[in-house]
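Student: show me the folded form of this:
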Amino acid sequence: MIADLAGRLGLAPEVLEGWDLGVEPGEAEWVQSGLAARQAWELRDYAGAASCAEAAAQAALAAGRQGIWWTMAYMRAECLMKQGQLAECRRIVQQLLEHRIVTESAGLAVRARQMLAAVCHGLGLLSTAVEHAREAVRLGARLPAGATVYIGALRALIAALAESGRLEEAWDHCRTLGPLVDEETTRQLCGEAEWVIGNVAFLRGDHQEGLGHHERARELLSPTADIELWAPFNKATAAVRLTAGILGPETLAAVERAELALSIVGGPRREHLEVALIRARWLHLTGQAAEAADRLKTIHAERSLLGRHTAGEVALLYGRALKALGRNDEAVELLDTALADFSATGLPHRIGAAAETTPTVAGD
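Tutor: Presented below is the predicted three-dimensional model:
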């Protein structure tokens, strides 16, 4: 039964060994710490969950439970990611990928590669994110049809490709992802698939298709089921709508839903800055350049907390807002910063946007 369940989940049987084997008296520590970690996770106490997961991992390692060690270390990485501690999360996931258990389980390898892709994406290492997501998709294709980890890997690859401006390649993978979600797939997973497909449709200029996918995602992703997922979804749909020039009431409502959800769940400072950037973009596009510049000044001052590609977007928008206010000297400096950020992260399509915006100042 354990072997069958492990196969369905795409996991190594060792990961489920705690379900099959009795707990010796000396192993109580990892059991207690693991339960405490899961309880803290449910309460969104991610710092506490990370600490308990680390303790459980060390105790399991001492007891020779390699599968439990891997699971608890992975949980700690998830907690660190939730807290925005991406560099430390990356270190742990790379360590997990080097463990022998990964060579025995494609499912675990896919999970680790997918998380590593998401972490690199958040750090602005887009080319690296694409590489890890590609490997996750390659390994995930070996799993049973409809495996959730494979669907997650496809979503990670599509997101990284779209952010890198490789929209046609991203759309090709959307065609693979779409048929994988059906009536047997959970509502959340269906919603996440609709979300990422809609993002790419918007960026390709197919606004009607993008609206359709995002409307279905909004119906599937309930704030009562997962308020933490509700915030980034609304942030994403607001962002792509603004990029498409859609400034109607529903776009503003999405911005407000993202702000409200984030105010409830808290989250790392980086996420608050990203939502603030969306609000600043809406202000700028609706002719409120001074208000946008005020917000962007605060965000730009904390740019070190953002991925470099996002920091570049902040500098670009701030420069545009200052240009609209006639403050060309300051605008040029910011747009130069944006150019450097986009060059460093390999985003030629954004380099062009920054170059086109740069004003001519006296003496040029």
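Student: please make it C-alpha for all contacts and neighbour counts, starting now.
Tutor: Noted.
Student: so where do the strands sit in the stretch 101-250 of the chain?
Tutor: Ranges of strands within the stretch 101-250 of the chain: none, based on DSSP state E, counting those that start in this stretch.
Student: which parts of it are helices?
Tutor: 106-123, 126-140, 148-163, 167-177, 187-203, 207-220, 227-243, 249-265 (DSSP state H, counting those that start in this stretch).
Student: quick one: those as TSV, columns for mean pLDDT and distance to residue 351 too.
Tutor: Below are the helices of the stretch 101-250 of the chain laid out as TSV (pLDDT from 0 to 100; distance: least, CA to CA, whole Å):
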stretch	mean pLDDT	distance to residue 351
helix 106-123	92	18
helix 126-140	95	15
helix 148-163	92	13
helix 167-177	95	16
helix 187-203	91	17
helix 207-220	92	24
helix 227-243	90	16
helix 249-265	92	26
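Student: using a markdown table, lay out those together with distance to residue 352 and mean neighbour count.
Tutor: Below are the helices of the stretch 101-250 of the chain laid out as a markdown table (distance: least, CA to CA, whole Å; neighbours: other CA atoms under 10 Å):
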| stretch | distance to residue 352 | mean neighbour count |
| --- | --- | --- |
| helix 106-123 | 21 | 26 |
| helix 126-140 | 18 | 23 |
| helix 148-163 | 15 | 25 |
| helix 167-177 | 16 | 17 |
| helix 187-203 | 16 | 23 |
| helix 207-220 | 22 | 19 |
| helix 227-243 | 15 | 22 |
| helix 249-265 | 26 | 17 |
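Student: out of these, flag the one nearest residue 90.
Tutor: helix 106-123 (6.2 Å; CA to CA).
Student: any idea how far the closest one is from the middle of the chain?
Tutor: 10 Å (CA atoms, centre = their mean, to the nearest Å).
Student: which other helices and strands contact that helix?
Tutor: In this structure, helix 106-123 packs against helix 86-97, helix 100-103, helix 126-140, helix 148-163, with contacts taken as 3 or more CA pairs under 8 Å, 6 or more residues apart in numbering; DSSP states H and E.
Student: report how many residues lie close to residue 186.
Tutor: Residues lying near residue 186 (other CA atoms under 10 Å) number 12.
Student: check what pLDDT it gets.
Tutor: On the pLDDT scale, residue 186 is placed at 80.
Student: can you tell me how far it sits from residue 211?
Tutor: Plainly put, residue 186 is 21 Å away from residue 211 if you go by CA to CA, to the nearest Å.
Student: separation between residue 307 and residue 341?
Tutor: 10 Å.
Student: higher neighbour count, those two?
Tutor: Counted by other CA under 10 Å, residue 307 and residue 341 do not tie: residue 341 has more neighbours, with 24 against 21.
Student: sorry, back to before: can you add distance to residue 89 and give the helices of the stretch 101-250 of the chain back as a markdown table?
Tutor: A markdown table is the format used below for those (distance: least, CA to CA, whole Å):
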| stretch | distance to residue 89 |
| --- | --- |
| helix 106-123 | 7 |
| helix 126-140 | 14 |
| helix 148-163 | 17 |
| helix 167-177 | 26 |
| helix 187-203 | 23 |
| helix 207-220 | 28 |
| helix 227-243 | 19 |
| helix 249-265 | 20 |
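Student: nearest to residue 356, of these?
Tutor: helix 227-243 (16.3 Å).
Student: contacting residues around residue 203?
Tutor: By CA atoms under 8 Å, 6 or more residues apart in numbering, residue 203 lies in contact with 162, 167, 240, 243-244.
Student: can you redo those residues as a markdown table with distance to residue 226?
Tutor: Shown next, in a markdown table, are the contacts of residue 203 (distance: CA to CA, whole Å):
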| residue | distance to residue 226 |
| --- | --- |
| 162 | 25 |
| 167 | 29 |
| 240 | 22 |
| 243 | 26 |
| 244 | 27 |
